[in-house]
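Q: below are the sequence and a predicted model for it; my questions follow.
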Amino acid sequence: MPTPAYDIVIRGGTLATASDVFRADLGIRGETIAAIGQGLPTGASEIDASGKLVLPGGVDAHCHIEQLSGGGLMNADTFETATRSAAFGGTTSVISFAAQHRAKSLATTVSDYAALAKKGAIVDYAFHLMVANPDEQTIATDLRALISAGHRSVKVFMTYDAVQVDDQQLLDVMLAARQAGALVCVHAENHGLLKWMGERLTKRGYVAPKYHAVSHPRAAEVEAFHRLIAFSELLDQPICIFHVSTAEGAKVIREARGRGVKIYAETCPHYLLMTAAELDRPGIEGAKWVCSPPQREAADQEALWQALALGDLQILSSDHAPYRFDESGKLSAGPNPGFKQIANGMPGLEMRLPVLFDAMVSKGKLGLRKFVELTATAPAQIYDLPGKGSLAIGMDADIAIWDAERKVTLADDLHDNTGYNPFAGRTITGWPETVLRRGEIVVEDGALRAAAGSGRLMLRAAGEATKPTGRLSPEFDEGRNFGAKLY
Ligand code: DUC
Ligand code: ZN
Ligand code: ZN
């Protein structure tokens, strides 16, 4: 018997990339895509994909996994449960956070998270370096060393007491990132405005979950975006603005990109498919939907779809931040917490692709190529994930085979550890049925096939997204002709 040409052939499916949709067989050898073409020779095993879509596995570039919140609350997932749910949802790569707490060094933070992920992860993973304490050790030593070692993205918060960096610290982080070659990702909301609003509402007894949305005025997003972009221009440092939620925020980004500032930006399914009305439910139920920034209005949804269509926003991430609806999570402050005491976040890793496929492909918003681009190809390129995000010879065989016709009514039965599904009750069309990660079947026939710990750390080279444009502001570079070179 001759040795089969391929380990696996996915036969007769319709392949989609960010630029093309075409019928072909796909041959896998080892961990990589070895051939794409018509009538490929038989593989050692065959997957019949006729009538199905064969898409790159999703890349979720923003998820909080096994992370201790600023308030000291452990989120509901381990790397095993979070990445299991990712796999069931068609996602094969995640970028989560190595989240520094102020008392801990960034280097130790990364090695601790890396140990947890090595033990549990089922899909491939990378880390954003989340800096909460930008002291000398962090900036001058740890950050540079970790970036050079391949952790090429840094995350900072402009709000939240326990993790926030002030303007000077933000500039320190941005400059260190520029020198070492990393993208700086930012949760950008005006800290003072959020605190002021939150305190006034609370003092007056407006504490139900729906007031969470009131406590995050859209101006908080707009102001922080402007400030951040001004810093990015001064230092010529590429940034990625996380979870854009408002029409006004998207407009600020469009204008800045229009004048050549190197900005990337993401939004999330809950800003496209939910409004603040989700928070307005009887009793404390709305706590399940509390996240920051909050869901907004229908007009914002439309503006965000438009911004995605125009390329102002390039990435769709989940911002998976799972807390159970019990005393370990959302109700940790008691059975009836005020909105300020409710842990922020929702599970999203598993539902990101199915709900977006339904909206973008089944219901026709932006279409299949754009779905692939925004959920896989662009995040892989922007974050320089080697071999990820597309179907091409030599790429990792990270593949989700979709039944585009399958209708599913969503229930509270996700494969993570959260215990509820914020999209439960909706009926969607399109479902990822078989999922492969580096040539290994991880999900098939509704069952998990891969082991905890089979996911791999992705280290990254400095790529296009992390490169400055070269337009370092002369005000910074030469002290506006007074000869003060600050760089
Ligand atoms: N907001 C964040 O900024 N992070 C985690 C979850 C959330 O809602
Ligand atoms: Zn955030
Ligand atoms: Zn987040």
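A: Looks like it came in fine. Numbering: from 1, shown residues only. Ligands and ions are numbered 1, 2, ... in the order given.
Q: going forward, measure contacts between C-alpha atoms and count neighbours the same way
A: Will do.
Q: please enumerate the strands of the stretch 201-350 of the chain.
A: Ranges of strands in the stretch 201-350 of the chain, per DSSP state E, counting those that start in this stretch, are 239-241, 263-267, 315-316.
Q: what about the longest one, near ligand 1?
A: No - judged by C-alpha under 6 Å from any ligand atom, strand 263-267 stays clear of ligand 1, getting no closer than 11.9 Å.
Q: who does that strand touch, helix- and strand-wise?
A: Applying 3 or more C-alpha pairs under 8 Å, 6 or more residues apart in numbering; DSSP states H and E, we find strand 263-267 packed against strand 239-241, helix 247-258, strand 315-316.
Q: what's the closest of these to ligand 1?
A: Closest of the helices and strands packed on strand 263-267 to ligand 1 is strand 239-241, at 11.4 Å (criterion: C-alpha to the nearest ligand atom).
Q: quick one: strands adjacent to the closest one?
A: The strands beside strand 239-241 in its sheet (DSSP bridges) come out as strand 183-187 (parallel), strand 263-267 (parallel).
Q: single out the most deeply packed of those.
A: The highest average neighbour count among the strands paired with strand 239-241, using mean count of other C-alpha atoms under 10 Å, belongs to strand 183-187 at a mean of 26.
Q: what residues does that strand touch?
A: Residues outside strand 183-187 that contact it (C-alpha atoms under 8 Å, 6 or more residues apart in numbering): 152-159, 174, 177, 237-243, 383, 465-466.
Q: hmm, residue 201 is touching residue 210, no?
A: No - counting by C-alpha atoms under 8 Å, residue 201 stays clear of residue 210, with 11.2 Å between them.
Q: can you list the residues of the protein near ligand 1?
A: Within the chain, the positions near ligand 1 by C-alpha under 6 Å from any ligand atom are 291-292, 321, 344-345.
Q: which pair of the residues you listed spans the longest distance?
A: 292 and 321 (10.4 Å; C-alpha to C-alpha).
Q: neighbour count winner among the two?
A: residue 321 (25 against 18; other C-alpha atoms under 10 Å).
Q: for the more buried one, give me its contacts.
A: Residues in contact with residue 321 (C-alpha under 8 Å, 6+ apart) are 63-65, 75, 344-348.
Q: where does this protein dip in pLDDT?
A: In the predicted model of the chain, residues 1 satisfy pLDDT under 70.
Q: give me that answer again for 90
A: Scanning the chain with the threshold set as pLDDT under 90 gives 1-3, 68-72, 103, 471-472, 474-487.
Q: all the helices of the stretch 51-200 of the chain, residue numbers only.
A: Under the criterion DSSP state H, counting those that start in this stretch, helices of the stretch 51-200 of the chain are mapped to 79-88, 106-120, 136, 144-148, 167-180, 191-203.
Q: go through these and pick out the most buried.
A: Mean neighbour count, computed with mean count of other C-alpha under 10 Å, is highest for helix 79-88 among these, reaching a mean of 28.
Q: now that one and helix 106-120, what's the angle there?
A: Between helix 79-88 and helix 106-120, the angle comes out at 60 degrees (axes from the mean of the first three to the mean of the last three C-alpha atoms, to 10 degrees).
Q: using the three-state scheme, assign residue 400.
A: Secondary structure, DSSP: H, G, I helix; E, B strand; the rest coil: residue 400 is strand.
Q: which positions in the top helix by length along the chain come out as buried?
A: Assignment by DSSP state H gives helix 218-235 as the longest helix of the chain. Using 16 or more other C-alpha atoms under 10 Å as the test for burial, helix 218-235 gives 218-226, 228-229, 231-235.
Q: alpha carbons only: can I get it in PDB?
A: Output in PDB follows, covering the C-alpha atoms of helix 218-235 (Å, rounded to 0.1, in the frame of the first residue of the first chain):
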ATOM      1  CA  ARG A 218     -20.200  58.100  25.800                       C
ATOM      2  CA  ALA A 219     -18.100  61.200  26.400                       C
ATOM      3  CA  ALA A 220     -15.800  59.100  28.600                       C
ATOM      4  CA  GLU A 221     -14.900  57.000  25.500                       C
ATOM      5  CA  VAL A 222     -14.500  60.000  23.200                       C
ATOM      6  CA  GLU A 223     -12.300  61.900  25.600                       C
ATOM      7  CA  ALA A 224     -10.000  59.000  26.300                       C
ATOM      8  CA  PHE A 225      -9.700  58.100  22.600                       C
ATOM      9  CA  HIS A 226      -8.700  61.700  21.900                       C
ATOM     10  CA  ARG A 227      -6.100  61.700  24.600                       C
ATOM     11  CA  LEU A 228      -4.700  58.300  23.700                       C
ATOM     12  CA  ILE A 229      -4.500  59.200  20.100                       C
ATOM     13  CA  ALA A 230      -2.700  62.500  20.900                       C
ATOM     14  CA  PHE A 231      -0.100  60.400  22.800                       C
ATOM     15  CA  SER A 232       0.200  57.900  20.000                       C
ATOM     16  CA  GLU A 233       0.900  60.800  17.500                       C
ATOM     17  CA  LEU A 234       3.400  62.400  19.800                       C
ATOM     18  CA  LEU A 235       5.400  59.200  20.200                       C
END
